[in-house]
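Asker: how would this look folded up:
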Amino acid sequence: MPPIRIVLLDDHHIVLEGLRFLLDQDPAFSVLASFTQPEKVIPFLQTHETDILLTDYSMSGMNGLELIKKVKANYPSVKCVLLSMHDEPAVVRDAMKSQISGFLFKNISKAELKNALQKINSGLVYISPEISTQLLNVRQNQLDISLTEREMDILELIIKEFSNKQIADTLQISERTVETHRKNVFRKTSTTNLVGLMKYVFENKLMS
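Answerer: Numbers count the residues shown, from 1 in each chain. Modelled structure (predicted):
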């Protein structure tokens, strides 16, 4: 299996060096380039096939989300991952509204970073557990949709990325019942996947 081709962007050299050293040690990854200036990324992507762009959020001139919008407009196949120290609701909400494939905090462990990048490369969306924890601070009386108490339970576990079997075991119900509730949650929120559900929660301020 070919290595995952990654481009790194952060305006701190020490962060770039650390990320590159970590990923270069693993044959599953190939760091094509690392940049400290956002404006250098687009020209590079024009001539180099890239699987994942891992970018910082806070940078001078252009933040990570602004860059991601430009990248997705020109190279939609590139999976964009935001690496940030910010967990403010406004930043997280803006990130969830964008076309990101992942949102990772800079305190992420080496193992989790590699696991996240592999999942993202396979087509999944990966959100740091801290984000999921924030999303779990939902309240029934804040909802403008009529989720039942059981559907609220299902919603919380979906956001925690539990499988149907894990949900069934946790709530002591059948997987078939879980699937029914899951479909109802997505139908009532007019979403079709995890990231859509997360966006719904943020956009409707269902987060304390």
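
Asker: dead centre of the chain: give me the residue that sits there.
Answerer: residue 102 (2.5 Å; C-alpha atoms, centre = their mean).

Asker: tell me which element the closest residue to that residue other than its chain neighbours falls in.
Answerer: Closest residue to residue 102 apart from its sequence neighbours, by C-beta to C-beta, 6 or more residues apart in numbering: residue 81 at 3.8 Å. For every residue, glycine as well, the C-beta is placed using N, CA and C. For residue 81, the enclosing helix or strand under DSSP states H and E is strand 79-84.

Asker: surely the residue nearest to the centre of the chain meets residue 118?
Answerer: No. Residue 102 is beyond contact range of residue 118, at 11.0 Å (criterion: C-beta atoms under 8 Å).

Asker: ok, back up a step: what lines up beside the strand holding residue 81 in the sheet?
Answerer: Note on strand 79-84: by DSSP bridges, its sheet partners are strand 52-56 (parallel), strand 102-105 (parallel).

Asker: name the helix or strand of the chain that has the lowest mean pLDDT.
Answerer: helix 129-135 (a mean of 65; mean pLDDT, DSSP states H and E).

Asker: after that one, next one along is what?
Answerer: helix 149-159.

Asker: can you count the residues close to the residue lying closest to residue 54 once chain neighbours are set aside?
Answerer: Spatial nearest neighbour of residue 54, excluding adjacent residues (C-beta to C-beta, 6+ apart): residue 81 at 4.8 Å. Using other C-beta atoms under 10 Å, residue 81 is surrounded by 23 other residues.
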